[in-house]
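**Q** missing the sequence, but the structure's below:
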């Protein structure tokens, strides 16, 4: 089965629908299977004390102004849904609260996503699992017992899922990738395991395919120097194109595992062995 490639737009659109469309275009041109967003109900995810605290941003001087400035509503998601259909690319989103998951339910999405930060939120996981849509579950900042519990929720609900190995640092030092964990997770849970990366560059993500990753997710941006906490841990369109190509090449290089004498090798055999 082909590696499933998601370009995470997340909040890198900076509240600008036209920028979101440019990022969708970049993902489609690169050959990605899907783009992903993030959806929050600001007053449910954050405390009033936090939202009232200071933070300078293009939208104002408080955390609330920044968080609300990064959120898309019904009008924007209606257009994102229409635009992705026009471009022939799937979209989905990680909900950070139950109301946001219910909001996403109005769209005919093929996939759900559990963000690493939400892995221990049982009410949200149960809401997602109740839909029985194929769900990508990120495992960053988690211990095995927490992953055990999340998996149990999805298995009890009969909801198909795929774990995603992840290290939740932005950007992640390449030496922290721990790609051997992909195989460990696959053996422990008997499921497909992907890789969600936050490192700089594309090498780790390409190597993850060789390590057995069934899906790859990377944040994308038009410019790493743009405003936003995720921009530096993202890749730009030219890097995304290179990554998709490298992933498709890596799939071919992995082969079948059978010992096969190719035609080209047979010619050499006859020449050297007589």
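**A** That came through, no problem. Every value quoted in this text rests on a predicted model; they were computed, and no experiment measured them.
**Q** residue contacts, the residue nearest to residue 136 when sequence neighbours are not counted?
**A** Closest residue in space to residue 136, ignoring its immediate chain neighbours: residue 113 at 4.8 Å, by Cβ to Cβ, 6 or more residues apart in numbering. Glycine gets a C-beta too; all of them are placed from N, C-alpha and C. By Cβ atoms under 8 Å, 6 or more residues apart in numbering, residue 113 lies in contact with 36, 92-94, 135-138.
**Q** one more time with 7 Å
**A** Counting by Cβ atoms under 7 Å, 6 or more residues apart in numbering, residue 113 touches 36, 92-94, 135-136.
**Q** can you add pLDDT, secondary structure and neighbour count and give those back as TSV?
**A** Shown next, in TSV, are the contacts of residue 113 (pLDDT from 0 to 100; DSSP: H, G, I helix; E, B strand; the rest coil; neighbours: other Cβ atoms under 10 Å):
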residue	pLDDT	secondary structure	neighbour count
36	98	strand	24
92	98	strand	22
93	98	strand	27
94	98	strand	25
135	98	strand	22
136	98	strand	24
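**Q** and stretch 57-69, how far out from the chain's middle?
**A** Offset of stretch 57-69 from its chain centre (Cα atoms, centre = their mean, to the nearest Å): 25 Å.
**Q** what is the end-to-end distance of that stretch?
**A** One end of stretch 57-69 to the other measures 9 Å (Cα to Cα, to the nearest Å).
**Q** in a strand, residue 56, correct?
**A** Yes - under DSSP: H, G, I helix; E, B strand; the rest coil, residue 56 sits within a strand.
**Q** going by neighbour count, list what's buried in stretch 16-32.
**A** 19-21, 23-24, 26-28, 30-32 (16 or more other Cβ atoms under 10 Å).
**Q** the residue nearest to residue 136 belongs to a strand?
**A** Yes - assessed by three-state DSSP, residue 113 belongs to a strand.
**Q** make 87 the starting number, not 1.
**A** Renumbered: residue one is now 87, and that last one reads residue 199.
**Q** re the thing from before, can you tell me which of the contacts of residue 199 is nearest residue 237?
**A** Residue 237 lies nearest to residue 221 out of those, by Cβ to Cβ, at 10.9 Å.
**Q** hey, what's the closest one bridged with?
**A** On the basis of DSSP bridges, residue 221 is bridged to residue 198, residue 247.
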